[in-house]
Every structure is written in structure tokens, then in C-alpha cells.
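**Student:** pasting the structure only:
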């Protein structure tokens, strides 16, 4: 019996599990194939929804559903923390001493926000990348009556357009609350333009100027003083704030480091087209877990999952697993509370933001509700 183990119950891992189960239905039902998903939580979380939680537009419960309800019922599910991957024995070792053997392993462990990497940030700032962080920020915004809001960005981070989305939404939120004339918004970015993707930066820069949003480039956050309410960059610039919101640096998961599979940031060296871990024919990597120089986004994991699933099916049926990934990414960009645009790009084609519209915003909101069809393999 062939054993596929998928480490990670997010969008990428769940898509792979359900697609392989569907395409290998007979083998699965006849006991010739076993698919196991290992997740550290019983809940499947749609993390992009937390941005809307921060602005009190949706409730936290709308961002999660039981993973078991999304998976094909024939797929096994192991709930717990993975301690280490043993490549020689081809087994995932759990922290409670369980061992889950595999013939093929899919690593879809994602990334985690690491605000602790910036001294003082956990005490002095807010994030919206977790349910807890989004809830605290929601309270802070509710209580905010005017002043200086600094938005700072660490690298690397997931969802490349999130800093812009939050900034644009924040400005319109302040106007809607009636404190727009009392609110100063300051945006910082770590490189020499306001976004890593040059076409996005070229589109956003005049929007900042038109909306009078102050920006500081070459600002890599190093230290936050919660008492003085100041944030200082590696470059030596210090900014005062009344409210600090951070897109924090992210790291790969600790299990990658404990397994000796990743680099210093716990990102796994991955072939950019085959999505196999470099030097391994039996391990695929997708989503945030890779070290690929592409956006860490849900759509990236989705498109990569399609490739990984197709290759697993090919291998199980005696093929060579030759389907390739072209670097495709798609991102909606909220430009306020009622308009949005989008970008799509791949290894060979840069993004070209379109004119924002209410229709694209409605598409974004609709997808937030339809998202659950994606990991189920229906969308």
C-alpha cells in the first residue's frame, strides 16, 4: 500500500489531499493507497479574513471551519505537533512519540509571523496576521480617536500586498469614523520603493501622493520603545507613533529547522518548477514553506498544490511526475473599503495592476465566502 503524508492542513496541503483522493478514488477505497494529513489544529483557518476582522467587518468565527469537514472522509487526519521529519526512515515523528510513515511526503507547513524578531514590537505594536492579533487591533482601532498611525513592514512576510491593503483601508476607515482630519498615516517599507514588486510600486506611489499618505523607504524596523511610542529602523531613523501596526517578519516552522531541512529562516530549498525538495525525489514542498523567490500567498499555495497533486497521481500510476509550476500568483488588492484591484503574474510575466473598481471589491468579498470550496477541491 502506498502512503502519502501531507504535513500541514492549510490551503495547499488540503487541496493536495482532496485532489489525490478524488483522482485515485478506486485505489483509496480498495486499500491500495493511504492519504494522511497531519495538522497541529482541528481548525482550518482562512487567514486573509483577519484583515477584515481588524476593521470589525467580519467575525473571527467566519475565518475557520473544522478541517475534518473539508477533507474527503477517506483521508486520515492526525492532530498534533510534528517534532521532526526523519528522511532516512521516511517517517514523520510527532511530539507525542507517534510515528507516521510515508512513501511520499508533502510539506505544506506554511509560515508564522515572528514579531519577536523586532525588539519591543510584541509589547508596542499590533499585527493582523493572527486571530488574537486582529482582535487586539480591532479594539485599538475602536478606541482610537485620532493621532499618528505608523505602519511598518518586516521581511520576509506573507501576502505581499497586505501592507498596501491595510493602509488604504485604514485611511477610508478613519474618514468613515469621522476622524480623517485628525489622523496622520505614515507607511514605511524596507527597500527603496513602497512595494517589492516594481509595477505595484509604480501604481501605488501616485495613489499615496494623491491621498497624502506619508511614506518612508529604506526603513527596516529594528527596535520599538513602547513607553516613548517610538520605532527605530536599522538605518537609524526614529518615528513617533500613537498607534503602531506592523506587518511582521515571518519565518518557516520550527519543525523544518529541527529536521535539518531548511535554511536559516527555516525555508526549504525547493526546485522552482518541479516543487520537489532539492535532493529529494520523495518530498514535495509548497506554499510558504519553500525558499522560492515568489510571493508567499494563498493563491501561490493553490496553484502549486494543483501541480503537486498531479505529479503524485502520475507517480502513483507509474509515470514520472513531470507537470511543472510556472510561478503563477494571483492577488486581490483592497484599495479602500469599497474598491479593489488585482494582480496576476508568474516567473516570466510581471504584474500589471488594473484600475480599482467596486466590482473587483465585490469579487474579493464573494471569494472570502466561497473560499471553503477551494481546499475542498471544488473551486
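**Tutor:** Great, that's in hand. Computed from a prediction, not measured in an experiment: that's the story for all the values here.

**Student:** next structured bit after the biggest helix by length in the chain?
**Tutor:** Criterion DSSP state H: the longest helix present in the chain is helix 298-316. Next along the chain after helix 298-316, taking DSSP states H and E as the criterion, comes strand 329-334.

**Student:** can you list the buried residues in the helix or strand just after that following strand?
**Tutor:** For strand 329-334, the following helix or strand on the C-terminal side (DSSP H and E) is strand 340-345. Using 16 or more other C-beta atoms under 10 Å as the test for burial, strand 340-345 gives 340-343, 345. Using the backbone N, CA and C atoms, a C-beta is placed for each residue, glycine as well.

**Student:** and which of those residues is nearest to residue 51?
**Tutor:** residue 340 (12.0 Å; C-beta to C-beta).

**Student:** who's the closest one bridged to?
**Tutor:** residue 334, residue 357 (DSSP bridges).

**Student:** hang on, the earlier thing: quick check: angle from the longest helix of the chain to strand 329-334?
**Tutor:** With axes from the mean of the first three to the mean of the last three C-alpha atoms, to 10 degrees applied, the angle from helix 298-316 to strand 329-334 works out at 160 degrees.

**Student:** for the stretch 1-150 of the chain, just list every one of the helices.
**Tutor:** In the stretch 1-150 of the chain, the helices defined using DSSP state H, counting those that start in this stretch lie at 11-23, 25-29, 50-54, 67-70, 121-124, 131-143.

**Student:** please identify the deepest-packed of these.
**Tutor:** Using mean count of other C-beta atoms under 10 Å, the stretch among those with the largest mean neighbour count is helix 11-23, at a mean of 25.

**Student:** what's the angle from that helix to helix 298-316?
**Tutor:** 40 degrees.

**Student:** so how far is helix 11-23 from its chain's centroid?
**Tutor:** On the basis of C-alpha atoms, centre = their mean, to the nearest Å, helix 11-23 sits 18 Å off its chain's mean C-alpha point.

**Student:** check what contacts that helix and list those residues.
**Tutor:** Outside helix 11-23, the residues within contact range by C-beta atoms under 8 Å, 6 or more residues apart in numbering are 4, 6-7, 28, 35, 37, 39, 44, 46, 67, 70-72, 74-75, 106, 108, 110, 286-287, 298, 301-302, 304-306, 308-310, 312-313, 316, 374-377.

**Student:** now list the buried members of these.
**Tutor:** Buried among those (16+ other C-beta under 10 Å): 4, 6-7, 28, 35, 37, 39, 44, 46, 67, 70-72, 75, 106, 108, 110, 286-287, 298, 301-302, 304-306, 308-310, 312-313, 316, 374-377.

**Student:** on that earlier part again, so which elements touch the longest helix of the chain?
**Tutor:** In this structure, helix 298-316 packs against helix 11-23, strand 104-107, strand 283-285, strand 329-334, with contacts taken as 3 or more C-beta pairs under 8 Å, 6 or more residues apart in numbering; DSSP states H and E.

**Student:** quick check: mean pLDDT of stretch 286-295?
**Tutor:** Averaging pLDDT along stretch 286-295 gives 96.

**Student:** many thanks, have a good one.
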